[in-house]
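Q: turn this into a structure:
(2 chains)
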There are 2 protein chains.
Amino acid sequence: MRNIKLTIEYDGSSFNGWQKQPNKLNIQGEIEKAIETVTGKKVELIGSGRTDAGVHAFAQVANFKIDSDFPIEKVAIALNSQLKKSICIKKAEEVSEDFHSRYHCHQKTYGYIIDNSKQGTAIYRNLVYHVSQMLDTKAMQEAANYLIGEHDFSSFKSSGTSSKSSVRTIYAAQVLKEQERVIIQLTGNGFLYNMVRIIAGTLVEIGLGIKTPEEMKTILEAKDRQQAGKTLPPQGLFLMQVDYEEK
Amino acid sequence: MRNIKLTIEYDGSSFNGWQKQPNKLNIQGEIEKAIETVTGKKVELIGSGRTDAGVHAFAQVANFKIDSDFPIEKVAIALNSQLKKSICIKKAEEVSEDFHSRYHCHQKTYGYIIDNSKQGTAIYRNLVYHVSQMLDTKAMQEAANYLIGEHDFSSFKSSGTSSKSSVRTIYAAQVLKEQERVIIQLTGNGFLYNMVRIIAGTLVEIGLGIKTPEEMKTILEAKDRQQAGKTLPPQGLFLMQVDYEEK
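A: Sure thing, here's the model as predicted:
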């Protein structure tokens, strides 16, 4: 059996998330259909993890096993010819048979993009969250630094999550200012349900002066969802990168 | 009479261009309607120039005269509350009564954005033109340099234009490479019908090695539309900036 690794970009706006669900438009299902159309074989596409409805990805990773002898360099273009324009296979590679895009994932990077212009943006309206009041990115960065390391992130987890443990490790937490945008970028070994969106919501409150940077530490230690800020909407969230050990 | 200058961002994807036309969705008409809703007065909104169907703007400029005593700092937010999300008033300023956004326009800058990744982009698909073969941006810049100065741009003008003269001055012509994007940026005192899109089409042929950089000079001197490259589609074109003497 060949094992094919895909790197996938998608505009999540019109999808009910990554995961296959009956009667709901989803990214996993659309790609599986395209693979079947191109190769004539039904496969199971394993993603590095789910993304929620409305969330975007620049580089989601997924793999599937198949017994078929197509040339690997034609895979991306063949799948793209079948897919909606809101999904784009950026790369297809042949990997060793034991590669598993979820189990072997080493770290992930998410970005949350805030348009911080006074009036918002027409062109990028479906790809950002708008905050019209000026954000103090220095205070946000100071707060974000408390997240680095291994912590119980229960304060930043929506109920309804199935994960047994709420302990995760954050390797990097950056708050970048690029012209009228503020970008929150988090790299970690895993993320709880809505974790990035709740952290982003908390950082926005800190950037607005509603909370102090030091309160991030108190919130983290409280292990209580009620202490953190609100869950920001999905359209600002991007899965930026998924890394594997072999890299 | 007060004279109000607006700076406007729009996603041109769903519009039949800037100009007011009966039964066709257009940006000018939508903003005039919003002004009427907010102020109760019918006005004529004068744009710095038209943009075609599907073309975007980060900073189109327009002005209108009105006899009404609203506070200027509330204008942008009031109009945005009435407008479709694909139009955003970025700024509203009170200017001297003789200011005319078309007659007094000093120079304009257009950007044409090319996604030069192998497989294209899902997220920005409506905001770029995709070229999968690697573009030689050095050759493109060399060619673009021939455009600088005062020239008769007849070779880069679609028929159906109403301009009397085809002479325009280009002040700056840049070909920028930013990660997987190639951005063609032109600043000039005016542009003929489809001029930027035809120049972009010609530069792409040069970037692909179909034409040499020196051929840009020959094409310019020929004053013959047939010599130039094809007109690229509107979705990659952005009106970036409109400048006035007073600035």
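Q: where's the nearest residue to A:Asn194 once chain neighbours are set aside, which helix or strand?
A: Among residues not flanking A:Asn194 along the chain, A:Ser158 sits closest, at 3.9 Å (Cβ to Cβ, 6 or more residues apart in numbering or on different chains). Any C-beta I mention is one placed from the backbone N, CA and C, and that applies to glycine too. For A:Ser158, there is no host helix or strand (DSSP states H and E).
Q: so what's the residue count around A:Ser158?
A: Applying other Cβ atoms under 10 Å in any protein chain shown, we find 14 residues neighbouring A:Ser158.
Q: what parts of chain A come near chain B?
A: Within chain A, the positions lying close to chain B (Cβ under 8 Å from any Cβ of the partner chain) are A:9-11, A:56, A:58, A:76-77, A:80, A:85-91, A:117-123, A:125, A:127.
Q: and those residues, which are buried?
A: Among the residues of chain A next to chain B, those that count as buried by neighbour count (16 or more other Cβ atoms under 10 Å in any protein chain shown) are A:9-11, A:56, A:58, A:76, A:80, A:86-91, A:117, A:119-123, A:125, A:127.
Q: among those, which lie within strands?
A: A:Glu9, A:Tyr10, A:His56, A:Phe58, A:Ile87, A:Cys88, A:Ile89, A:Lys90, A:Lys91 (DSSP state E).
Q: now do the helix or strand hosting A:Leu6: everything it contacts.
A: Per DSSP H and E: A:Leu6 is located in strand A:2-10. Here strand A:2-10 makes contact (Cβ atoms under 8 Å, 6 or more residues apart in numbering or on different chains) with A:27, A:31, A:45, A:56-68, A:72, A:75-76, A:79, A:86-99, A:101, B:121-123.
Q: off-centre distance for the helix or strand containing A:Leu220?
A: Taking DSSP H and E as the criterion, A:Leu220 maps to helix A:215-222. Remark: helix A:215-222 is offset 24 Å from the chain centroid, using Cα atoms, centre = their mean, to the nearest Å.
Q: please work out the average pLDDT along it.
A: Helix A:215-222 carries an average pLDDT of 98.
Q: counting contacts, what elements does that helix pack onto?
A: Contact partners of helix A:215-222 among helices and strands, from 3 or more Cβ pairs under 8 Å, 6 or more residues apart in numbering or on different chains; DSSP states H and E: helix A:137-145, helix A:195-207.
Q: format these as CSV; extra columns: mean pLDDT.
A: Putting the helices and strands packed on helix A:215-222 into CSV (pLDDT from 0 to 100) gives the following:
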stretch, mean pLDDT
helix A:137-145, 98
helix A:195-207, 98
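Q: among those, which is the most enclosed?
A: The highest average neighbour count among those, using mean count of other Cβ atoms under 10 Å in any protein chain shown, belongs to helix A:195-207 at a mean of 25.
Q: so what's A:Tyr124 scoring on pLDDT?
A: 97.
Q: and for it, nearest residue in space, chain neighbours not counted?
A: Closest to A:Tyr124 by Cβ to Cβ, 6+ apart is A:Asp115, at 6.6 Å.
Q: that neighbour: neighbour count?
A: 20.
Q: now it, which residues is it bridged with?
A: A:His130, A:Arg181 (DSSP bridges).
Q: residue contacts, it?
A: Per Cβ under 8 Å, 6+ apart, neighbours of A:Asp115: A:Thr121, A:Tyr124, A:Val128, A:Tyr129, A:His130, A:Val131, A:Glu180, A:Arg181.
Q: how close does it sit to A:Tyr244?
A: 32 Å (Cβ to Cβ, to the nearest Å).
Q: ok, A:Gln174 next?
A: Counting by Cβ to Cβ, the gap from A:Gln174 to A:Tyr244 is 22 Å.
Q: try A:Ser14
A: For A:Ser14 relative to A:Tyr244 (Cβ to Cβ), the value is 29 Å.
Q: which SSE is the closest residue to A:Gln174 other than its chain neighbours in?
A: Closest residue to A:Gln174 apart from its sequence neighbours, by Cβ to Cβ, 6+ apart: A:Gln185 at 4.5 Å. Using DSSP H and E, A:Gln185 maps to strand A:181-188.
Q: for A:Glu246, give me the pLDDT.
A: Value listed for A:Glu246 in the pLDDT field: 61.
Q: what helix or strand is the residue of chain A most remote from its centre on?
A: Ranking residues of chain A by C-alpha distance from their mean position (Cα atoms, centre = their mean) puts A:Asp69 at the top, at 32.1 Å. Following DSSP H and E, one finds A:Asp69 outside all helices and strands.
Q: so what's it up against?
A: Applying Cβ under 8 Å, 6+ apart, no residues qualify as near A:Asp69.
Q: cool, A:Leu239 as well?
A: Contacts of A:Leu239 by Cβ under 8 Å, 6+ apart are A:Thr51, A:Val55, A:His56, A:Ala57, A:Phe58, A:Ala59, A:Gln60, A:Lys108, A:Thr109, A:Tyr110.
Q: turn the residues you listed into a markdown table, including pLDDT.
A: Listed next are the contacts of A:Leu239 as a markdown table, based on pLDDT from 0 to 100:
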| residue | pLDDT |
| --- | --- |
| A:Thr51 | 96 |
| A:Val55 | 98 |
| A:His56 | 98 |
| A:Ala57 | 98 |
| A:Phe58 | 98 |
| A:Ala59 | 98 |
| A:Gln60 | 98 |
| A:Lys108 | 98 |
| A:Thr109 | 98 |
| A:Tyr110 | 98 |
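Q: from these, pick the one nearest chain B.
A: Closest approach to chain B among the contacts of A:Leu239 (Cβ to the nearest Cβ): A:His56, at 5.9 Å.
Q: could you give the bridge partners of that closest one?
A: A:Phe238.
Q: of A:Ser14 and A:Tyr244, who's got more company?
A: Higher neighbour count among A:Ser14 and A:Tyr244: A:Tyr244, with 16 against 12, using other Cβ under 10 Å.
Q: bridging residues for that one?
A: Beta-bridge partners, per DSSP bridges, of A:Tyr244: A:Cys105.
Q: report pLDDT for A:Ser162.
A: 68.
Q: same check on A:Ile35?
A: pLDDT, A:Ile35: 98.
Q: residue contacts, it?
A: A:Ile35 neighbours (Cβ under 8 Å, 6+ apart): A:Lys41, A:Val43, A:Leu45, A:Phe64, A:Ile66, A:Leu79.
Q: just the buried ones from those, in PyMOL syntax?
A: Of the contacts of A:Ile35, the buried ones go into a single PyMOL selection, burial set by 16+ other Cβ under 10 Å:
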select buried, chain A and resi 43+45+64+66+79
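Q: how about the contacts made by the nearest residue to A:Ile198 once chain neighbours are set aside?
A: Sequence neighbours aside, A:Phe156 is the residue nearest to A:Ile198 in space, at 4.4 Å (criterion: Cβ to Cβ, 6+ apart). The contact partners of A:Phe156, by Cβ under 8 Å, 6+ apart, come to A:Leu192, A:Asn194, A:Met195, A:Ile198, A:Ile199, A:Thr202, A:Leu220, A:Arg225, A:Ala228.
Q: can you do 7 Å?
A: A:Phe156 makes contact with A:Leu192, A:Met195, A:Ile198, A:Ile199, A:Ala228, according to Cβ atoms under 7 Å, 6 or more residues apart in numbering or on different chains.
Q: from these, pick the one nearest B:Ile206.
A: A:Ile199 (46.7 Å; Cβ to Cβ).
Q: now intersect the contacts of A:Ile35 with the strands, please.
A: Per DSSP E, these map to strands at A:Phe64, A:Ile66.
Q: tabulate the contacts of A:Ile35 in CSV, adding columns for pLDDT and distance to A:Pro234.
A: Output for these, formatted as CSV (pLDDT from 0 to 100; distance: Cβ to Cβ, whole Å):
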residue, pLDDT, distance to A:Pro234
A:Lys41, 96, 32
A:Val43, 97, 27
A:Leu45, 98, 21
A:Phe64, 98, 26
A:Ile66, 97, 31
A:Leu79, 98, 25
